[in-house]
Each structure stands twice: as structure tokens, then as C-alpha cells.
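Engineer: Structure here, sequence nowhere to be found:
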């Protein structure tokens with residue numbers, strides 16, 4: 001009887017040990033489990049295959065990593081870029097947001113009749129359809145005097161506009177600025193961020209200097225952003241250039257990359273580099289409970 005009990009106990013212990021061992025199939029499954037894909041970082045986006053040498057050459061002046069980090073852009077966010085043009089910043093943002101975020105490109109409106117705007121929009125649309133790194137890009141449109149649906153209302157974490165405010169002011173004056181910032185406010189979530197970069201006109205210059213120079217006063221941008229409901233959260237000098245006097249024969253387009261004077265004083269303007277720019281971070285206030 002004692003031997004029988006011992007044998008039974010031994011069998012039970014053996015079954016328990018076998019039950020605790022993973023099967024060959026389970027072991028293989030564990031071994032084949034892929035490692036988690038690391039989150040993308042902005043610095044790596046500077047070297048993605050969508051970028052051209054002509055665009056990367058402008059990094060030293062436009063400081064894209066530092067600028068986007070200042071605005072708090074993360075890879076899981078919904079981000080809207082206003083008037084992306086040829087896609088200089090889109091080449092960084094689209095792949096950065098592709099896996100876990102959402103990228104909206106609010107390009108020139110389809111109602112536009114000028115050839116430059118039509119052609120720019122069409123080229124951008126073609127790129128979205130052919131470049132895999134733009135696969136998660138949704139193309140919308142923006143016009144400052146229209147009620148543009150740049151993204152579904154209240155869904156964007158960040159709205160970004162680079163070197164565009166002066167165009168709206170030169171085209172339709174302060175009314176255009178009022179309409180633009182109201183559109184951005186509508187698209188953002190409570191607590192969302194609006195990032196603005198543009199060519200800076202010194203505050204002691206006359207307002208007339210903004211009508212054709214391509215430079216705009218920081219105070220004017222703050223005025224209309226706050227009028228729309230935004231709060232100025234921070235400013236950065238990351239895109240400042242103290243060598244730029246903001247007083248050139250062909251306005252801001254005298255400087256690189258446009259160099260509208262051609263070879264006339266070219267070395268001088270290339271030595272200045274791109275324009276002096278303000279970098280402003282606004283926040284849409286969170287709704288009170």
C-alpha cells in the first residue's frame with residue numbers, strides 16, 4: 001500500500017512538471033514574436049528618402065527638429081499643416097505621423113484660379129498618390145476668407161503654419177488674418193497648439209512695410225491670434241537671424257532661397273542667409289468644467 005501511494009505521488013508530480021513546461025509550439029511562438037517597433041524621432045525624419053538635397057540644405061536655416069519640438073509635436077498626434085506648398089515640412093511630418101498619428105495638409109483651395117496655386121496644389125496631390133511616405137496624408141484646403149474645413153472641428157492637436165501669414169496680409173489685409181486664426185481655432189482641440197513661423201518685421205517700422213516686403217510684425221500676429229481666442233504660451237528665437245535687416249530691394253525674396261536679384265550682390269545675401277523669423281506657440285484654452 002505504501003508503494004502504491006508513493007507511485008501515485010510520483011506520477012502527480014511528473015504531470016505537474018510537464019504541465020508547467022511550454023510546448024514546442026508555444027516556444028516557437030514566443031521566439032517569433034517581433035520586437036516592438038521603436039517610436040519615430042524627428043532627427044531620423046531628416047534623412048528619410050522623400051527629402052531632396054535641395055531641401056536638406058535649408059535645414060540649417062529652418063531648424064525643423066528644434067522648431068517642431070518647441071511646438072510639442074508627437075508621433076501619435078493629429079497635425080494640420082497650412083499651405084504646405086511643395087512639401088518642405090510635409091516631408092518630415094508625413095512619415096513622422098504615418099504609423100500612429102494623422103497628418104492633414106490644408107493646401108490651396110480648389111476655387112483658386114491663379115496658375116501658380118493650381119499647379120502647386122496639383123503637384124502636391126500627385127505626390128500624395130505616389131510617395132509611400134505620404135500614405136496617411138489627408139489633403140484638405142484653406143483660404144483665409146472662407147470657412148475652410150482644414151480638419152474636422154475640435155480634432156487637431158496641433159496646427160502649423162510656416163511663412164504664410166505675410167501672404168494673407170498682403171492679399172487681403174487684416175480681414176484675412178482674422179479669418180485664418182478663427183479657422184485654426186475651430187479645428188483645434190481644447191488645449192491644442194497653434195505654431196506660427198514667419199518673417200519678422202521690426203516693430204518700429206511702419207505698417208506699410210508689411211504690404212509688399214514679405215515681412216510681418218509679430219505684434220500683429222499676436223493681436224489676431226488672441227482676438228480668435230488663443231493664448232500666447234511661448235516664443236522662441238530658434239529661427240532668428242540677427243544678420244537680417246528686413247530691408248532689402250526685393251523684400252524677403254532678396255535673400256536665399258529666392259535670391260530675386262540674381263547675381264547682383266549674391267555673395268552678400270547668401271552670407272546673410274534666410275530671413276529673421278519669429279516662432280510663436282499659441283494654445284487654445286481648455287474648456288472650463
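Structural biologist: Nice, I can see it. Given the structure is predicted, the values throughout are model-derived calculations rather than measurements. Residues are numbered from 1 along each chain as shown.

Engineer: buried ones in stretch 256-267?
Structural biologist: 256, 259, 261 (16 or more other CB atoms under 10 Å). All C-beta spots, glycine's among them, are computed from the backbone N, C-alpha and C.

Engineer: Now do it: distance to the chain's middle.
Structural biologist: 28 Å (CA atoms, centre = their mean, to the nearest Å).

Engineer: what about the longest helix in the chain?
Structural biologist: Longest helix in the chain by number of residues (criterion: DSSP state H): helix 165-187.

Engineer: okay, and for the stretch 1-150 of the chain, where does confidence drop off?
Structural biologist: Residue ranges of the stretch 1-150 of the chain with pLDDT under 70: 1-38.

Engineer: At which residues are the helices of it located?
Structural biologist: Ranges of helices within the stretch 1-150 of the chain are 2-20, 24-32, 42-45, 53-56, 59-62, 64-70, 90-97, 115-130, based on DSSP state H, counting those that start in this stretch.

Engineer: For the residue nearest to residue 92 when sequence neighbours are not counted, the count of nearby residues, please.
Structural biologist: Using CB to CB, 6 or more residues apart in numbering and skipping residues adjacent in sequence, the residue nearest residue 92 is residue 45, 4.6 Å away. Neighbour count of residue 45, defined by other CB atoms under 10 Å: 22.

Engineer: How many residues are close by the nearest residue to residue 83 once chain neighbours are set aside?
Structural biologist: For residue 83, ignoring the flanking residues on the chain, the nearest one in space by CB to CB, 6+ apart is residue 164 at 4.9 Å. Counted with other CB under 10 Å, the neighbours of residue 164 add up to 21.

Engineer: Quick check, residue 164 in contact with residue 198.
Structural biologist: Yes. Residue 164 is within contact range of residue 198, at 7.1 Å (criterion: CB atoms under 8 Å).

Engineer: May I see the buried residues of stretch 256-267 arranged in a markdown table, with secondary structure as well?
Structural biologist: Listed next are those as a markdown table, based on DSSP: H, G, I helix; E, B strand; the rest coil:
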| residue | secondary structure |
| --- | --- |
| 256 | coil |
| 259 | coil |
| 261 | coil |
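
Engineer: Any chance of TSV for the residues you listed, columns pLDDT and distance to residue 202?
Structural biologist: Output for the buried residues of stretch 256-267, formatted as TSV (pLDDT from 0 to 100; distance: CB to CB, whole Å):
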residue	pLDDT	distance to residue 202
256	98	20
259	98	22
261	98	22
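
Engineer: Go through the residues you listed and say which is closest to residue 209.
Structural biologist: Relative to residue 209, the closest of those is residue 261; by CB to CB it sits at 18.8 Å.

Engineer: residues touching residue 84, list them.
Structural biologist: Contacts for residue 84 (CB atoms under 8 Å, 6 or more residues apart in numbering) come out as 90, 105, 106, 107, 124.

Engineer: Of the residues you listed - the most surrounded one?
Structural biologist: Top of these by neighbour count (other CB under 10 Å): residue 105, with 29 neighbours.

Engineer: wouldn't that one be in contact with residue 141 here?
Structural biologist: No. In this structure, residue 105 is not within contact of residue 141 by CB under 8 Å, at 9.2 Å.

Engineer: Now do stretch 57-66: everything it contacts.
Structural biologist: Stretch 57-66 is contacted from outside by 42-43, 46, 88-89, 92, 162, 236, 238-239, 241, 256-257, 273-274, using CB under 8 Å, 6+ apart.

Engineer: Just the ones in strands from these, please.
Structural biologist: The strands in this structure, assigned by DSSP state E, contain 162, 236 from those.

Engineer: Among the contacts of stretch 57-66, name the buried ones.
Structural biologist: 42, 88, 89, 92, 162, 236, 239, 241, 256, 274.
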